[in-house]
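**Student:** Below are the sequence and a predicted model; questions follow.
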Amino acid sequence: MADTVTGNIVDDIIADHREFESVFTEIESGGDPRTQPDLVDHVIAGIVRHAVAEEQYVYPTARRALPDGDELVEHEIEEHSQAEEIMKDIEKTGAEDSEYDELVRKLIADIRHHIKDEEEDLLPQLRTACPGDELQELSEKFHQAKKMAPTRPHPLAPDRPPANKILGAGAGLVDRLRDALMGRN
């Protein structure tokens, strides 16, 4: 996945969402996701990195800056957790299993729902509540976190600071080493 840097966290997140949607459309147009495991792995790695970066920097800011921030963030984290479970199941199942197709389609549907939630509720509020320099600073931190984030789902990993910042970098390093050994980009 390309890492689109706009200098505004809201626009960066939306750019990631558009990239995910583009890959989802490509997977769906190919018919059977089982024939496209590399593409599925590619989008999963992007989703994981995106979610980890949101949990490390965007969600703590939303909790602080938005009147209903705690409630919004808890909902988003729950959606991330559900998606991680599906991604882990996809990884365990493998493309040769008949359940793979159903799991990939479920993941796509869940991520589309999550995107809709964020873009209709959390992100517009964040854009309004935070000054431009804070949105820019969040953008920089978000992109740095994505570089260090895991590339595989870790459903049992912490999803709240500070533990997620500490353990996420370690898991990311292990994942990138594993990816390199397996020839996965």
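**Tutor:** That came through fine.
**Student:** Quick one: low-confidence residue ranges for the chain.
**Tutor:** Applying pLDDT under 70 to the chain picks out residues 1-5, 151-185.
**Student:** Scan this structure for its longest helix.
**Tutor:** helix 69-93 (DSSP state H).
**Student:** Next SSE downstream of that one?
**Tutor:** Remark: after helix 69-93, the chain's next helix or strand is helix 99-117, criterion DSSP states H and E.
**Student:** what's the angle between that next one and helix 69-93?
**Tutor:** Taking axes from the mean of the first three to the mean of the last three Cα atoms, to 10 degrees, helix 99-117 and helix 69-93 form an angle of 160 degrees between their directions.
**Student:** could you say what helices and strands helix 99-117 packs with?
**Tutor:** Secondary-structure packing of helix 99-117 (3 or more Cβ pairs under 8 Å, 6 or more residues apart in numbering; DSSP states H and E): helix 9-29, helix 37-53, helix 69-93. For glycine as for every other residue, the C-beta is placed from the backbone atoms N, C-alpha and C.
**Student:** Go through the longest helix of the chain and flag the buried ones.
**Tutor:** 69, 72-73, 75-77, 79-80, 82-84, 86-90, 93 (16 or more other Cβ atoms under 10 Å).
**Student:** what does stretch 125-132 give?
**Tutor:** Going by 16+ other Cβ under 10 Å, stretch 125-132 has these buried residues: Gln125, Leu126, Ala129, Cys130.
**Student:** Narrow those residues to those in helices?
**Tutor:** Reading helices off these with DSSP H, I get Gln125, Leu126, Ala129.
**Student:** give the contact list for the second one.
**Tutor:** Contacts for Leu126 were tallied using Cβ atoms under 8 Å, 6 or more residues apart in numbering; they are Ile9, Val10, Val58, Thr61, Ala62, Ala65, Leu66, Leu135.
**Student:** and of the residues you listed, the nearest to Asp117?
**Tutor:** Distance to Asp117 across these (Cβ to Cβ) is lowest for Ala62, with 12.4 Å.
**Student:** could you say what helices and strands the longest helix of the chain packs with?
**Tutor:** On a contact count with 3+ Cβ pairs under 8 Å, 6+ apart, helix 69-93 meets helix 37-53, helix 59-65, helix 99-117.
**Student:** any idea which of these is most buried?
**Tutor:** Highest mean neighbour count of the helices and strands packed on helix 69-93: helix 37-53, a mean of 22 (counted as mean count of other Cβ atoms under 10 Å).
**Student:** Glu96 against Arg34, yeah?
**Tutor:** Yes: at 7.2 Å, Glu96 counts as touching Arg34 under the criterion of Cβ atoms under 8 Å.
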